[in-house]
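> mind folding the following:
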Amino acid sequence: MRYSKYPNYGILDAIERRLYGGLPKSTFKQNLIRSKLFPNKTVLSRKLYALKRRGFIKYSNGVEAVITEKGYKYINFAKLEELKIENKKRDGRWRVIIFDIPEEKRAARDLLRSKLNEWECYQLQKSVYVTCYACEKDIEELVRLLAISKYVCVVVAESLGGREAAVKRYFS
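Just a heads-up that it's a prediction; the model follows:
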């Protein structure tokens, strides 16, 4: 089956059915097209075509757009870029992030390291980082998005032993 380069309003009907569970919303198409994201039908059609060309969506039943596995990965990567420590409160305890990620997942390991550096975590060793912020949930979300949960451990510690003075200077 051949699809046109610029899909018609049938695509909008399919999106409407997905969003509203099949309930008819007569103003949906007009509101979507008038929104700043899609100022007109042509822009929306081009965006959908670009998503299909890049492999983020595919069409089933002729007009129904379905997000592909590659599309879900792209969405997760976009979430990853926006992820930050929500709660920068200190409670007197340390969060020690320990990871041993295999070479096959090097990209995820490098992303984890760069995100921990962005969050101003102190690098205690090559694969051990420390932070003074209560951010276990943020780290868990990061690890979940990278699909490396079984390789990462977060330990809450009262003391860091002989290295505590250096780490305290870093966070002061």
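> where does the residue nearest to Glu120 when sequence neighbours are not counted land on pLDDT?
The shortest distance from Glu120 to any non-neighbouring residue, by C-beta to C-beta, 6 or more residues apart in numbering, is to Thr131 (7.5 Å). In short, each C-beta sits where N, CA and C put it, glycine included. You'll see Thr131 listed with a pLDDT of 95.
> what kind of secondary structure is Thr131 in?
Assigned state for Thr131: strand (three-state reduction, DSSP: H, G, I helix; E, B strand; the rest coil).
> next, the contact list for it, please.
When contacts are counted by C-beta atoms under 8 Å, 6 or more residues apart in numbering, Thr131 touches Trp94, Arg95, Ile97, Leu116, Trp119, Glu120, Cys121, Tyr122.
> state whether Arg93 is indeed within a strand.
Yes: membership of Arg93 in a strand is supported by three-state DSSP.
> thought it was touching Val156?
Yes: in this structure Arg93 lies within contact range of Val156 using C-beta atoms under 8 Å: 5.4 Å.
> quick revisit: please tell me how far the residue nearest to Glu120 sits from Arg90.
Using C-beta to C-beta, to the nearest Å, one gets 10 Å for the distance from Thr131 to Arg90.
> where do the contact lists of these two overlap?
With contacts taken as C-beta under 8 Å, 6+ apart, not a single residue reaches both Thr131 and Arg90.
> in the protein, what residue spans correspond to strands?
Using DSSP state E, the strands of the chain run over residues 57-60, 64-67, 90-99, 122-125, 128-133, 152-157.
> count of residues packed around Cys132?
With neighbours defined by other C-beta atoms under 10 Å, the count for Cys132 comes to 21.
> let me fix that, I meant to ask about Glu64.
The burial metric for Glu64, expressed as a neighbour count using other C-beta under 10 Å, is 16.
> so how far is Glu104 from it?
For Glu64, the distance to Glu104 equals 35 Å [C-beta to C-beta].
> cool, Leu44 as well?
Using C-beta to C-beta, one gets 39 Å for the distance from Leu44 to Glu104.
> and Gly55, by the same measure?
Separation of Gly55 from Glu104 (C-beta to C-beta): 22 Å.
> before we move on, what about Tyr151?
Per C-beta to C-beta, Tyr151 is found 11 Å from Glu104.
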